[in-house]
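Trainee: Structure for the following, please:
(chains A and B)
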Amino acid sequence: MLAYNRQTLDNLEIKEEAEKALRKDCIDAATFKAIEAAHPVNFYTPNPIIKIGLFILTVIIASFSMGFLTLISLEAIRNESGYAGLCVFFGLVCYGALELFIREKKFYKAGVDDALLWSAIGLFLCALAIKGNTSLSTWSICVLVLTLLATLRFADMALSGVAYLAFLAFVFSILVKLGPVAKTITPFVIMLLSLATWFVVRRLATQQPLRHYKHCLTVVEVLSLLTLYLAGNYFVVREVSNAMFDLQLKDGQSIPGAMLFWIFTTVIPFVYLYLGIRRKDAVLLRTGMLLLAAIVFTIRYYHSVMPLETAMVTGGIILTGGAWALISYLQTPRHGFTYLETDEPSLADKLNVESLVIAQTFKPGPQTPSNDMNFGGGTGGGGGASGEY
Amino acid sequence: MNIHLFEKLRTEGLVSDTAVQAVKTEESNRLFSLHWEIKTLLYLGVLLLSGGLGILIYKNIDTIGHQVILLFIGLLCAGCFSYCIRKKAPFSWQKVISPNAFFDYALLLGCLTFVTFIGYLQFEYTAFGKAYGLATFIPFAVLAVSAYYFDHLGVLSMAITNLAAWMGIAVTPFQVLSANDFSSDPIIYTGVLLGGILLLLAIISTRRNLKKHFTFTYQNFGTNIIFIACISALCVFGNNPMLWLLIIIMAAVSVYTFKQAFREGSFYFVLITVLYAYVGISIIVFRLLVLTNDIGAVYLGLLYVIGSAIGVILLLINLNKKIKHARI
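Mentor: Residues are numbered from 1 along each chain as shown, chains lettered A, B, ... in the order given. Have a look, this model is predicted:
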């Protein structure tokens, strides 16, 4: 099923683990060399930064080739279905090229292969869009089938996430058609499905035969946690049912069972946080942190507990104080937690992402109304001015 | 690390028992790092606090009065800086490790409030009169000195954006393309000049060994700014001598950064130099094709893009291999 050689994938994992062990001084360099020689990896995977360049260039080539094809077959196309056919044809070409590159050139997450895979899927869906008049259920089932097949064959992380979301969209579209009772229970069905997915995915992740899909399963795990929360979130339920089911709610009017959804909205993130800390699970912990913000936004959207600036200042004080307290609490590691960085080198460190974030969010302060220096001639004197301060 | 996997390697005879034991101890002693989680919280906290205080002051300006606010901002700034001066490690032209994470944010807050303080003075009291440039130059100077004195990359980035603001352009990552009107000539010249200055600073940092780890930040801002300015010149300039000068500058910068990046084994700078140079050359090709005024040029253009992009892909793959080999 997988396009890649399973043995080589296993060797890749062994090599990565051995590299970690080497960094931690558990094995010496000679052992590492021996392991590498016994488990050769012949995949072509460039440096992650070069990969981005290859990805962009492949997308450029694919789109310009499509343009060129359109131009030379302009006479033959004549109508919409002709163009849809061209899309399918070129999608197949992309797919063929992808298979060829993987088999002959051993590309593995090289940027080129990702770009070709996504272009192929995009082109197939384009053909569907050109045909027009497709209902939500047809759309979602088409996306689901395409991305599921692609995930099974290429273990692509992004596509596995899309497949999961398409699955939920399909269930949703079926439920909406079934009638009023089904509509009322839609949020609960989605929540139950998400929860079931979470359990199944956690189960599957430990299965040995599925080890090459580990990263895909992690993506689905994160998404299932998010959809579980969103399906029960008061804001989502109220606004979606208002828009989709013509409830015609006025401002301040509530949906049936509001209390239940408010409980979901406020309790679920804390459950995630608790479980994340209990089990030392980074996925649960980070999702929980993210969703804390969702609680604040949901509450503030419907109830103005306090003015924005007071909320910001209090929030800021709590966050800064809490972080400070945690840092001093974890000065010496406690309960298996530490404040120290892991020594895994990360791309974000190498590119100094932190300093760029600071430069972006804290814009240059005082901006002169006009700049009569020679520099810039005043045309861009207010460039970047935001008057926030 | 996967203990199961190392057990398997032991049965294959590739690793010794002691190594497997070492992996097991390492794994059982492994701590769960909350570093990035806590840092994010701290960062959000500072952001919310500064934003919230800003709005609070703005809304209550009538009751508080300007002097009180100025005094408050000044005190906060002085407090932050005095904390940093007390806590800081002795100055050195080498990299200095910050004493704790709180220090970084205290310094950041101090710098921010200083910028606000100067801005407030100028806005409310026009303290610098008509010398508008001075109101942006002073924060830049203070930020630059702080960046070196306290060794803080974030403050250095702020100093660079302030320098750019003083010269009249925005260089924050998301605004470099949207907030600047790159179709105007002066902006382009300023961009080239600023990029040149930053590249020069990068060279000085490395060659003289003055805060060598600042090189990346200088070079990152410098190359991006100078290339964007040159590429916009390629798009908007008519057939005038300045266009030729800028093409020469761009070619020279490309060759220089490429060689430099290749020597240092920096994939990032190799990639952006190749991509910017490719975009530049493509623009020239397209301008030439437009000159022919022929429908065949459209086909030729499309074929050019497809063919040249394949060429660049092969070039990148090749370079990737070479850099990797050079590193080992």
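Trainee: Only C-alpha atoms from now on, for both contacts and neighbour counts.
Mentor: Will do.
Trainee: Helix or strand: which one has residue 300?
Mentor: I went with chain A, as the question did not name one. Assessed by DSSP states H and E, residue A:300 sits inside helix A:282-302.
Trainee: not what I meant, chain B
Mentor: Using DSSP H and E, residue B:300 falls in helix B:296-327.
Trainee: Tell me if that helix is near chain A.
Mentor: Yes - among the residues of helix B:296-327, B:299, B:302-303, B:305-306, B:309-310, B:312-313, B:316-317, B:320-321 lie within reach of chain A under Cα under 8 Å from any Cα of the partner chain.
Trainee: what's the strand or helix carrying residue A:115 packed up against?
Mentor: Per DSSP H and E: residue A:115 is located in helix A:112-131. Contact here means 3 or more Cα pairs under 8 Å, 6 or more residues apart in numbering or on different chains; DSSP states H and E; on that basis helix A:112-131 packs against helix A:48-72, helix A:80-105, helix A:136-154.
Trainee: Dump those helices into a markdown table; add mean pLDDT and distance to residue B:202 as well.
Mentor: Formatted as a markdown table, those follow (pLDDT from 0 to 100; distance: least, Cα to Cα, whole Å):
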| stretch | mean pLDDT | distance to residue B:202 |
| --- | --- | --- |
| helix A:48-72 | 88 | 21 |
| helix A:80-105 | 88 | 39 |
| helix A:136-154 | 90 | 43 |
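Trainee: I'd like the ones you listed as TSV, with mean neighbour count appended.
Mentor: Rendered in TSV, the data for the helices and strands packed on helix A:112-131 read as follows (neighbours: other Cα atoms under 10 Å in any protein chain shown):
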stretch	mean neighbour count
helix A:48-72	19
helix A:80-105	18
helix A:136-154	19
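Trainee: What mean pLDDT does stretch B:255-263 get?
Mentor: Stretch B:255-263 shows a mean pLDDT of 88.
Trainee: right, is that stretch up against chain A?
Mentor: No - using Cα under 8 Å from any Cα, stretch B:255-263 stays clear of chain A, with a minimum separation of 13.0 Å.
Trainee: Quick check: buried residues in that stretch?
Mentor: B:257-258, B:261-262 (16 or more other Cα atoms under 10 Å in any protein chain shown).
Trainee: Read off the pLDDT value for residue B:321.
Mentor: 84.
Trainee: what residues does the helix holding residue A:300 touch?
Mentor: A:222, A:225-226, A:234-235, A:252, A:265-266, A:269-277, B:37 (Cα atoms under 8 Å, 6 or more residues apart in numbering or on different chains).
Trainee: can you list the weak-confidence ranges in chain B?
Mentor: Confidence mapping of chain B against pLDDT under 70 gives the ranges B:1, B:127-132, B:170-183, B:327-328.
Trainee: can you list the domain ranges for it.
Mentor: B:66-167, B:188-327 (the TED database).
Trainee: Out of the ones you listed, which is closest to residue B:3?
Mentor: domain B:188-327 (29.8 Å; Cα to Cα).
Trainee: picking up where we left off before, what is the orientation angle of the helix holding residue A:115 with helix A:136-154?
Mentor: Counting by axes from the mean of the first three to the mean of the last three Cα atoms, to 10 degrees, helix A:112-131 points 160 degrees away from the direction of helix A:136-154.
Trainee: any idea of the mean pLDDT for helix A:112-131?
Mentor: For helix A:112-131, mean pLDDT is 90.
Trainee: Next, the buried residues of that helix.
Mentor: A:112-128, A:130.
Trainee: Remind me what the helix or strand following the helix holding residue A:300 packs against, helices and strands.
Mentor: Downstream of helix A:282-302, the first helix or strand assigned by DSSP H and E is helix A:308-329. Helix A:308-329 sits against helix B:35-59, with contacts defined as 3+ Cα pairs under 8 Å, 6+ apart.
Trainee: Give me the buried stretch members for the helix it packs on, please.
Mentor: B:35, B:38-39, B:41-57.
Trainee: can you tell if stretch A:36-53 touches chain B?
Mentor: Yes - on the criterion Cα under 8 Å from any Cα, stretch A:36-53 is in touch with chain B at A:46-47, A:49-50, A:53.
Trainee: Residue A:202: neighbour count?
Mentor: Residue A:202: 16 surrounding residues under other Cα atoms under 10 Å in any protein chain shown.
Trainee: what about it, helix or strand, and which?
Mentor: helix A:180-205.
Trainee: same for that helix, what does it pack against?
Mentor: In terms of contacts (3+ Cα pairs under 8 Å, 6+ apart), helix A:180-205 is packed against helix A:157-178, helix A:214-232.
Trainee: Pull the distance from the last one to the chain's centre.
Mentor: Translated: helix A:214-232. 10 Å (Cα atoms, centre = their mean, to the nearest Å).
Trainee: thinking again about what came up before, in helices, which of the contacts of helix A:282-302 appear?
Mentor: A:222, A:225-226, A:234-235, A:265-266, A:269-277, B:37 (DSSP state H).
Trainee: Wondering if the one helix or strand residue B:119 maps to reaches chain A at all.
Mentor: Here residue B:119, judged by DSSP H and E, is contained in helix B:101-125. Yes - counting by Cα under 8 Å from any Cα, chain A is contacted by helix B:101-125 at B:102, B:112, B:115-116, B:118-120.
Trainee: same deal with stretch B:5-21?
Mentor: Yes - residues of stretch B:5-21 contacting chain A under Cα under 8 Å from any Cα: B:5, B:14-15, B:19-20.
Trainee: Report the residue spans of chain A with pLDDT below the cut-off.
Mentor: A:246-253, A:305, A:341-389.
Trainee: per-domain residue ranges of it.
Mentor: Under the assignment automatic domain parsing, the domains of chain A span A:1-42, A:233-331.
Trainee: Please convert these to JSON lines, extending it with mean neighbour count.
Mentor: Supplementary listing: the domains of chain A in JSON lines, determined by neighbours: other Cα under 10 Å:
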{"stretch": "domain A:1-42", "mean neighbour count": "16"}
{"stretch": "domain A:233-331", "mean neighbour count": "16"}
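Trainee: related to what we said a few turns ago, and the angle for the helix holding residue B:300 with helix A:112-131?
Mentor: Angle between the axes of helix B:296-327 and helix A:112-131 is 150 degrees (criterion: the same axes, to 10 degrees).
Trainee: and helix B:296-327, which residues are buried?
Mentor: B:297-298, B:301-306, B:308-310, B:312-313, B:316-317, B:319-320, B:323.
Trainee: same check, this time on stretch A:199-218
Mentor: A:201-202, A:204-205, A:211-218.
Trainee: which two from those end up farthest apart in space?
Mentor: Largest separation among the buried residues of stretch A:199-218 by Cα to Cα: A:202 and A:212, giving 14.4 Å.
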